[in-house]
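S.K.: give me coordinates for this.
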Amino acid sequence: LLSDSDDGVISEAVTRRYFAGRADVTSFNVADAVMAGRRDEALGSLRWALENGVAPVLVCSAMASALRNLGRYQDARGSGARDADLARIVGVPPWKLKDLARQVRDWTPRGLASAITTVARIDAEIKGAASDPGFSLEQMVIEVTAQRGRGDAR
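M.R.: The predicted structure follows:
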């Protein structure tokens, strides 16, 4: 909480802002914020989710799912398929296509591939290849948000 206050003082206003509207943070909230490039919001949501018992593997899974969906959409969008068919091809409900269409503008194929590689590495880390799943997930948020719009693979 102290690190989230602007002036290093924990006040009633900082406490209210920190705890307001976060009771139901899920792994999908974290993934959505990452995909939209809202790194700080994603980090705050991640910390809150982990503090409230969301399993690290669920956060990583939601991130992997979001990236896979975007990758499938990126590949299939030029096929000329109607929305219902496109949704079936991508494997998402039709209403999700609007989100994917908005997100795809911010991702190059190489940036998306790099983000998928990052998430695969983090998945291994949280399943035992590293000692601190929370730290690994924070690194995932930072690295994946940095891949948006990048044409270079890291």
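S.K.: quick check on Gly53: phi, psi?
M.R.: phi 90, psi 10 (degrees, to the nearest 10).
S.K.: spatially central residue for this protein, please.
M.R.: Ala31 (2.5 Å; C-alpha atoms, centre = their mean).
S.K.: now do the contacts for the residue nearest to Val90 when sequence neighbours are not counted.
M.R.: Spatially, and ignoring its direct neighbours in sequence, Val90 is nearest to Arg72 (4.5 Å; C-beta to C-beta, 6 or more residues apart in numbering). Backbone N, C-alpha and C define where each C-beta goes, glycine included. Neighbouring residues of Arg72 by C-beta atoms under 8 Å, 6 or more residues apart in numbering: 89-91.
S.K.: I figured the residue nearest to the centre of the chain hits Leu70, correct?
M.R.: No: using C-beta atoms under 8 Å, Ala31 is not in contact with Leu70; the gap is 10.5 Å.
S.K.: name the helix or strand for the residue nearest to Val90, please.
M.R.: helix 56-76 (DSSP states H and E).
S.K.: helix or strand next in line after that helix, which one?
M.R.: helix 83-90.
S.K.: quick one: mean pLDDT over that following helix.
M.R.: Averaging pLDDT along helix 83-90 gives 93.
S.K.: any buried residues in the helix or strand following it, and which?
M.R.: On the C-terminal side of helix 83-90, the closest following helix or strand by DSSP H and E is helix 96-104. Neighbour-count burial for helix 96-104 flags 97, 99-100, 103 (criterion: 16 or more other C-beta atoms under 10 Å).
S.K.: same for the helix or strand hosting Ala115, what does it pack against?
M.R.: Per DSSP H and E: Ala115 is located in helix 109-124. If contacts are counted by 3 or more C-beta pairs under 8 Å, 6 or more residues apart in numbering; DSSP states H and E, helix 109-124 sits against helix 56-76, helix 133-147.
S.K.: Trp107 is nearest to which of those helices?
M.R.: Of all those, it is helix 56-76 that lies closest to Trp107, at 6.3 Å by C-beta to C-beta.
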